[in-house]
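Peer 1: Kindly return the folded structure for what I paste below:
(chains A and B)
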Amino acid sequence: MNSADFFHMGGYGLYVWGSYGVALAVLALNVALAHQHQRRVLRTITRSARRDRSCA
Amino acid sequence: MWVWLHKFGSPKYFYNVSGKILPWVGGATVLLILVGLYLGLFASPADYQQRDSVRIMYIHVPSAWNSMFIYLVMAAAAAIGLIWNIKIADIAAAVSAPIGASFTFITLVTGSLWGKPMWGTWWEWDARLTSELILLFLYLGYIALQSAFEDRRTAARASAVLAIVGAVNVPIIYYSVQWWNTLHQPQSLGVGMSTIHASMLLPLLLMALGFKLLYVTLLLMRTRTEVLERERNSAWVQELAQALSGKSSSDQVRSSNEQR
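Peer 2: All right, here's what the predicted structure looks like:
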């Protein structure tokens, strides 16, 4: 199978790649948002810890 | 077992143990999905009737299984939180909802993209499709209800009731292809009755397992974050924050020294 055939998917390229694309986009967004939230919370708690230390 | 469960219910213990498990689960997820994609897109044959469009199955079916599985986990966790007042269970239920909604959305979109070339229509109001759409609305309703209350305890209790009542929809989705005459094909998998060839079954099962582990990965990541946020005033989070900020501030001192 050459790469043109592979992308063509026997005429179903739009449907097959559309499906894989939507799944990839939604799942990648899930991972990215979870990661971003984690970093934001860690930053908030370490910042307040630093502030506490400088006050003390 | 009960001792272990009780320990796991403690936020600090959960945070530490899940932190050790997470890289392994995440690694296994990536590996399974990559092998599954390779087999599904390259190595497996095209179907004799559906030809290459059958490859949508490797996304559609694992997503559909996950959409129902995650709902049941969410309803069970919500029930445990409601009955025994376990914080971790409340959190697990709350963070599962957007993940489950994502998989439901993928199921509906890929089903539509598969239905158009095979059935000649994007959408049909038949039992399987309609009940899966209701599942999406249940997830969205649950998320909306969660955010409708200021108080977390009240939010958890109210949305738990919705989650538990809504669980009746899951068997309806599952058996819809047997109970009603639908456009959707009946299931081809089951104990001792699979009507699918091994070359297609293997990528399907790998993707299904990969998607399950992806759910576990996301569940652990989001639960850990929620635990930190809700427990931010407790002694162990303060200690953790001190350790983390100590490390990063000494890093800053070191780098500024190096610049000099």
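Peer 1: Helices of the chain, residue ranges please.
Peer 2: Answering for chain A, as no chain was given. Secondary structure of chain A (DSSP state H): helices located at A:3-8, A:13-55.
Peer 1: Please refer instead to chain B.
Peer 2: B:2-8, B:11-38, B:57-84, B:87-119, B:127-146, B:152-166, B:169-179, B:198-230, B:235-259.
Peer 1: Let me have the ones you listed in CSV, adding distance to chain A as columns.
Peer 2: (Glycine included, C-beta is placed from N, CA and C.) CSV is the format used below for the helices of chain B (distance: least, C-beta to the nearest C-beta, whole Å):
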stretch, distance to chain A
helix B:2-8, 20
helix B:11-38, 8
helix B:57-84, 5
helix B:87-119, 4
helix B:127-146, 13
helix B:152-166, 16
helix B:169-179, 19
helix B:198-230, 4
helix B:235-259, 4
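Peer 1: I'd like these written out as JSON lines, with mean pLDDT and mean neighbour count added.
Peer 2: As requested, the helices of chain B are exported to JSON lines (pLDDT from 0 to 100; neighbours: other C-beta atoms under 10 Å in any protein chain shown):
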{"stretch": "helix B:2-8", "mean pLDDT": "67", "mean neighbour count": "10"}
{"stretch": "helix B:11-38", "mean pLDDT": "94", "mean neighbour count": "16"}
{"stretch": "helix B:57-84", "mean pLDDT": "96", "mean neighbour count": "22"}
{"stretch": "helix B:87-119", "mean pLDDT": "95", "mean neighbour count": "22"}
{"stretch": "helix B:127-146", "mean pLDDT": "95", "mean neighbour count": "19"}
{"stretch": "helix B:152-166", "mean pLDDT": "94", "mean neighbour count": "18"}
{"stretch": "helix B:169-179", "mean pLDDT": "89", "mean neighbour count": "16"}
{"stretch": "helix B:198-230", "mean pLDDT": "94", "mean neighbour count": "20"}
{"stretch": "helix B:235-259", "mean pLDDT": "70", "mean neighbour count": "13"}
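Peer 1: show me the residues around the residue nearest to residue B:45 when sequence neighbours are not counted that make contact.
Peer 2: With sequence-adjacent residues excluded and distances taken as C-beta to C-beta, 6 or more residues apart in numbering or on different chains, residue B:45 is closest to residue B:199, at 5.9 Å. By C-beta atoms under 8 Å, 6 or more residues apart in numbering or on different chains, the residues touching residue B:199 are B:43-45.
Peer 1: again, but for residue B:46
Peer 2: With C-beta under 8 Å, 6+ apart, residue B:46 has these contacts: A:10, B:52, B:54-55.
Peer 1: next one: residue A:16
Peer 2: Contacts of residue A:16 (C-beta under 8 Å, 6+ apart): A:9, B:52-53, B:55-56.
Peer 1: Looking at it now. What's its pLDDT?
Peer 2: According to the prediction, residue A:16 has pLDDT 92.
Peer 1: returning to that earlier point: which of the helices of chain A has the highest mean neighbour count?
Peer 2: helix A:13-55 (a mean of 16; mean count of other C-beta atoms under 10 Å in any protein chain shown).
Peer 1: quick one, phi psi at residue B:185?
Peer 2: Torsion angles at residue B:185 (phi, psi; degrees, to the nearest 10) stand at phi -70, psi 150.
Peer 1: I'd assumed residue B:176 was in contact with it.
Peer 2: No. Counting by C-beta atoms under 8 Å, residue B:176 is not a contact partner of residue B:185; they are 11.9 Å apart.
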